[in-house]
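1. got a predicted structure here, sequence first:
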Amino acid sequence: MKRITLLFAFLVMSMGMALAQSQVEVSGTVISAEDNQPIIGATVRGKTSKKGDRTNIDGKFKFTVPANEKIIIVSFVGMQTREVAAGKNLRIVLQPDSKVLDEVVALGYSSGTKRSFTGSAVTVKAEALEKKNVANVTQALAGEVPGVNIINTNGQPGAEADVYVRGVGSVNAGTGPLYVVDGVPFSGSISSLNPADIESTTLLKDAASTSIYGARGANGVIVITTKSGRSGAMSISADVKYGVNTATWIPRHEIIKCPDEYLEMGWSGLHMYAMQRKKDPLSDQAAREWASANLFSESGINTKYNYYNAEPGKVIDPTTGKVYTGIQRKYTPEVWAEEAFQKSNRTEANVQLNGGTDKLRGFMSLGYLSDKGISKGSDFSRFTGRLNVEMNPYTWFNTKSSLAFTNSRSNNSGQSQYSSTNLFHFVDGMPPIYPVYERDKEGNKILSPYFNNQYQFDYGDGRGFSGRSNGLANAIYDTNKTERNEIAYNTKMTLRFLDGFSFENTFSGTFSNAFNKQRGNKWYGDSGNSKGTIFHVIDNVTTYNFLSMLRYSKKFDKHSIEAFGAHEANLFQFTRDFVSKKHLVDPFNDDLGNAIVFDAPPGGSTDTYRLESYFAQANYDYAGKYFVSGTFRRDGSSRFVNNKWGNFGSIGLAWEITAEDFMKDNKWFPFLKLKASYGTLGQQDGIGYYAGRDLYDIKNNNGELALALSTKGNADLTWERASMLQLGVDFNVGKFLTGSIEYYNKISTDLIYDRRVAPSNGYAIIKVNDGRLQNQGVDLDLTAHILKNKEQDYYLDLRLNAGFLSNKMLQMPIEPSTGQPKYIDTTINPYGRQKGRSLYDYYMREFVGVDDETGLSQWTMYYSDKNGDGKFTPNVDKPIESYVEFINDEKNSGEKIEKALTSRYQNATKLYVGKSALATVRGGFNISGGFKGIELSLQFIYSLGGYGYDGVYAGLMDNQQVGKNNWHVDMRDRWTPENKTSDIPRINNGLDSNTISTSSRFLTSNSFLHFANARLGYSLPKNWLSSMNVKSMKIWVSGDNLALWSARKGFNPSTSLSGGSSTLRYNPMTTVTAGLSVNF
């Protein structure tokens, strides 16, 4: 609290520093030459003093400048910049500029223009973000930027997306980008930022733009600029949104939903089992009778789940394999999806105030979000506040301050992707014969003995699937709540002196507190055995960032120079305290005092990390044609011991061809620029805070202190390093097409690798620098202006982006036992890592179909033909377990290797199956159009190529004992004596094991088309609003996650970089929202 008080006091004191100086007023209106309408948000500033304003809703501006300021500069994105004489009541008309050369690109420590920038950056404006109903900015970036994969791995409300910029740059270290907010590296939670407060988001992808961040820029940089105050009368804007979340629009895997069909399918498995078992196999007729008699038995389903008014052996007719006609049900089991999923509400409201004078202006916002999930027991809410203040008391002094606060609350009881009681796992895998609620012998629901007017959940005593648990009950009775409070502050002071010099000092930081309370109910499930449990975790994160920077900017003749040198110091501290207790007194109280017994000793830890940096950058421009930029940075990290410091740098070149005299008569290319860059980057994330040091656990040894080695450190460990080359072209074709094409080649060296060593060393793994990895590809970004008519007021645009990526290992790490590079690393199942191959090439057993005569699975087997007869002889010939390892082992030289088919999974050979998880191309396309105030936008995200392992489908194709899992509808086409051409193996109640063990059988095309977003809006005419003193008003309806087309219904490759599916994943939900925004 003391920190907050001091910070507010500093802001108030800073605001009072404005002093008088000889000034003159500048005012006027900025108008577009295209439609003679006011331009909102145009920048107007003095040429030398830099003081200025932005135009308001009516295109007007007013501010004061020093009396000796004679020229003002007026600019706006998409318009030609003008210089005009300073004065009052000016009418300034801007002409359209198809080249958009002077659009400002936020680069974090600095900014540039599209004309002069030598690197790769894509800016996503606030208008694009506001179309999507998301809780954080990372989710909104999906499909917007070529070469950047946004993976929404978790549909839980409030969850953050994983971001991959130009491939996967590391094996064991971090792969996420650096976030920079308002010019300062950000260590807080990205979900604490309200997307409504964001002015623009710029993604930096190449070395010329990211090497200035040195140790933290290897995986790309996301620069977020929040909204700032504008001079002029106070303006107020407000928006409200109300939406509905549903689970029904995005398809799920098709499962057997009819309980009778499930019984009949299970009966057929018992029938096959009885005929095919090795001990006492039965004839067809005897097997039929045995299957009917044992459907509800120890060999089948527990008798308590017989929902028919019939004896257990009298449910299935052995003659037909169908349920007897005429028998009556005691009850019909509930459909788990209908009980578990819900239509829920999403409510959001934002209010923003903006205004001030040329000396003091500010932006203030309040935001609220309530988002309930599609799964019962999941929700997220957030309250945000932000204050951004800028002061210009003198022409030589400027200060900017910001303060943001976030309070968020989430509950995801039972929805963790690491929990076997995950509700999505229950919905997908639960056989339809099992009820949600417990029944008595007559089939009636039993009332709960603990809750009034509630039914008792069935906890599955004797249930084949997930016995003694109930995912829905856990979601309702248990809690997993997290409350997070976060404060972020930033103060920057700029002093201008001499000619072209300025000095900046920036102090920023964050403080966050996350309090997680988990309560397990005292009656059921695992926690019921302990009479209820409580687990508390308190995480505190504190960060400080100090930045001092000296800038120089000078223009003379045709030369322009901008340069800066800086020092930055960053401190990160993380503390965690936790305690676990059991035996609750009050079943609904999650305070620690409500539990009687400590489940385990309380614990806690503190981690600290420091980064010290020195860096510089210089940019040179000659005649607006030739551009050169260079950076250098030196970082020192506390994570390393003997090799703390790393040096990183880059150089970028650009040539604007259309600025040359010989291009003056060119009509096809209004803008054409070639660019190239090369630089080095660093990486240290994802390795812990003390990777260079031995870590010990403190133990209690009969009351005496004891230390046990927990992690072996490597004092010689140092930075991962990456070098990146980029070649690109930016262009405009006529007035109808703009675009860019970029080729990049990124090579990562000194990879931080987990080296496995002999356990006799006292530890199993040590981190080392070893190996080289390459990511190369092409990014394409095109925008076509298909229709545009100023008189009729309509337009139609199409934007397409695509990222082509290839990835391979250039050098494998050393194998300690041989001292040579490994031939292959198969520790990351199901991939094989080898020199010349991708990190995501599948190395597994190859499924080749089903034996027509037996119905058994068949896999490829390579074997060492010991007797040389060309045929596999059991107990003589040796099956090869791993093909690459075998043929590269000198001990096996001279062995005769043969290929055959096998129905025994253990004999099948692991090999490269010729498929990779990485897509060939991934991107998005947007269609936007408007007519007289009506606007429609559509966004699609696509992926072509690659294969994902469909784990959900595999689980639904299992050959377990009946009652232990549900089946996919494809099992209707399984092999039977009457259907011998099927490629789906027979089922026989678990007799054939390994039918769904990892193999190429479940590799599924990762190609998909995702209808990600649609928005239809209408801006009311201004003459309708003038009488209400309303400047503008817009209404709209929008939808997110509207449809998905993939190789298999229910398979969603967009939720994973590798495309794999998981039964424990919270599926994305569809949201349909209506909204209203008003500006006063």
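-> That came in fine, so what should we check first?
2. run through the chain and note the low-pLDDT ranges.
-> Where the chain drops to pLDDT under 70, the residues are 1-22, 34-35, 50, 77-78, 96-103, 414-420, 790-792, 1063.
3. okay, now the domains of it?
-> The chain breaks down by the TED database into domains covering 22-94, 104-228+236-249+1007-1079, 844-913.
4. looking at the ones you listed, which is buried most?
-> domain 104-228+236-249+1007-1079 (a mean of 21; mean count of other C-beta atoms under 10 Å). For glycine as for every other residue, the C-beta is placed from the backbone atoms N, C-alpha and C.
5. can you check the distance spanned by that one, start to finish?
-> Separation of the first and last residues of domain 104-228+236-249+1007-1079 by C-alpha to C-alpha, to the nearest Å is 25 Å.
6. coming back round to it: quick one: the domains of the chain as CSV, columns for distance to residue 341 too.
-> Below are the domains of the chain laid out as CSV (distance: least, C-beta to C-beta, whole Å):
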stretch, distance to residue 341
domain 22-94, 43
domain 104-228+236-249+1007-1079, 4
domain 844-913, 33
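7. show me the one of those that comes nearest residue 577.
-> domain 104-228+236-249+1007-1079 (18.9 Å; C-beta to C-beta).
8. so which of the domains of the chain gets nearest residue 754?
-> Closest approach to residue 754 among the domains of the chain is made by domain 104-228+236-249+1007-1079 (5.3 Å; C-beta to C-beta).
9. from the chain's centroid, how far away is the closest one?
-> 10 Å (C-alpha atoms, centre = their mean, to the nearest Å).
10. returning to what we had before: of all the domains of the chain, which lies closest to residue 625?
-> Of all these, domain 104-228+236-249+1007-1079 sits nearest to residue 625, with 9.7 Å by C-beta to C-beta.
11. tell me what residue 777 is bridged to.
-> Residue 777 forms beta bridges with residue 744, residue 805, as assigned by DSSP bridges.
12. number of nearby residues for it?
-> Residue 777 has 21 neighbouring residues, counting by other C-beta atoms under 10 Å.
13. so what's it up against?
-> By C-beta atoms under 8 Å, 6 or more residues apart in numbering, the contact list for residue 777 reads 147, 166-167, 743-744, 803-806.
14. adding distance to residue 174, write the residues you listed out as TSV.
-> Below are these laid out as TSV (distance: C-beta to C-beta, whole Å):
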residue	distance to residue 174
147	18
166	15
167	14
743	25
744	20
803	20
804	24
805	19
806	22
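15. quick check, nearest of those to residue 542?
-> residue 166 (32.1 Å).
16. which strands or helices does the lengthiest helix in the chain pack on?
-> If you go by DSSP state H, the chain has its longest helix at helix 259-276. Where contact means 3 or more C-beta pairs under 8 Å, 6 or more residues apart in numbering; DSSP states H and E, helix 259-276 is packed against helix 284-294, strand 316-317, strand 322-323.
17. can I get these in CSV including mean neighbour count and distance to residue 339?
-> Converted to CSV, the helices and strands packed on helix 259-276 look like this (neighbours: other C-beta atoms under 10 Å; distance: least, C-beta to C-beta, whole Å):
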stretch, mean neighbour count, distance to residue 339
helix 284-294, 18, 30
strand 316-317, 22, 27
strand 322-323, 16, 24
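18. residue 59 is nearest to which of the ones you listed?
-> Nearest to residue 59 among the helices and strands packed on helix 259-276 is strand 322-323 (75.3 Å), distances taken as C-beta to C-beta.
19. what lines up beside that closest one in the sheet?
-> Per DSSP bridges, strand 322-323 is paired in its sheet with strand 316-317 (antiparallel).
20. can you list the neighbours in contact with the partner strand?
-> Counting by C-beta under 8 Å, 6+ apart, 263-264, 267, 291-292, 295, 322-325 sit against strand 316-317.
21. what is the nearest of the residues you listed to residue 610?
-> Proximity of the contacts of strand 316-317 to residue 610 was ranked by C-beta to C-beta; the top entry is residue 263 with 64.3 Å.
22. ok, that closest one - contacts?
-> 295, 315-316, 323, 433.
23. same deal with residue 734?
-> Counting by C-beta under 8 Å, 6+ apart, residue 734 makes contact with 667-668, 670.
24. pick out the most distant pair among the contacts of strand 316-317.
-> Comparing all pairs in these by C-beta to C-beta, the longest separation belongs to 291 and 325, at 18.2 Å.
25. of the domains of the chain, give the one that comes closest to residue 618.
-> Once those are compared by C-beta to C-beta, domain 104-228+236-249+1007-1079 is nearest, at 10.8 Å.
26. longest single strand anywhere in the protein?
-> Longest strand of the chain, by residue count under DSSP state E: strand 595-622.
27. list the buried residues for that strand?
-> For strand 595-622, the neighbour count (16 or more other C-beta atoms under 10 Å) marks 595, 609-617, 619, 621 as buried.
28. what of stretch 501-517?
-> Of all the residues in stretch 501-517, those buried under the rule 16+ other C-beta under 10 Å are 502, 504, 506-512, 514, 516-517.
29. then stretch 542-562?
-> Neighbour-count burial for stretch 542-562 flags 542-545, 547, 549, 551, 560, 562 (criterion: 16+ other C-beta under 10 Å).
30. most widely separated two among those residues?
-> Top of the distance list for the buried residues of stretch 542-562 (C-beta to C-beta): 542 and 560, 41.2 Å.
31. give me the number of residues near the closest residue to residue 770 other than its chain neighbours?
-> The shortest distance from residue 770 to any non-neighbouring residue, by C-beta to C-beta, 6 or more residues apart in numbering, is to residue 813 (3.6 Å). Using other C-beta under 10 Å, residue 813 has 20 neighbouring residues.
32. how about the one 5 residues further on?
-> The criterion is other C-beta under 10 Å. On that basis, residue 818 has 9 neighbouring residues.
33. so is it in a helix, a strand, or just coil?
-> With DSSP: H, G, I helix; E, B strand; the rest coil as the basis, residue 818 sits in coil.
34. from residue 892, how far off is it?
-> Applying C-beta to C-beta, to the nearest Å, the value for residue 818 to residue 892 is 15 Å.
35. likewise residue 92?
-> When distance is defined by C-beta to C-beta, residue 92 is 81 Å away from residue 892.
36. sorry, back to before: as JSON lines, the buried residues of stretch 501-517 with distance to residue 641 and secondary structure would be great.
-> Converted to JSON lines, the buried residues of stretch 501-517 look like this (distance: C-beta to C-beta, whole Å; DSSP: H, G, I helix; E, B strand; the rest coil):
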{"residue": "502", "distance to residue 641": "38", "secondary structure": "strand"}
{"residue": "504", "distance to residue 641": "33", "secondary structure": "strand"}
{"residue": "506", "distance to residue 641": "30", "secondary structure": "strand"}
{"residue": "507", "distance to residue 641": "29", "secondary structure": "strand"}
{"residue": "508", "distance to residue 641": "28", "secondary structure": "strand"}
{"residue": "509", "distance to residue 641": "27", "secondary structure": "strand"}
{"residue": "510", "distance to residue 641": "28", "secondary structure": "strand"}
{"residue": "511", "distance to residue 641": "29", "secondary structure": "strand"}
{"residue": "512", "distance to residue 641": "29", "secondary structure": "strand"}
{"residue": "514", "distance to residue 641": "30", "secondary structure": "strand"}
{"residue": "516", "distance to residue 641": "33", "secondary structure": "strand"}
{"residue": "517", "distance to residue 641": "38", "secondary structure": "strand"}
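37. kind regards, and thank you for your time.
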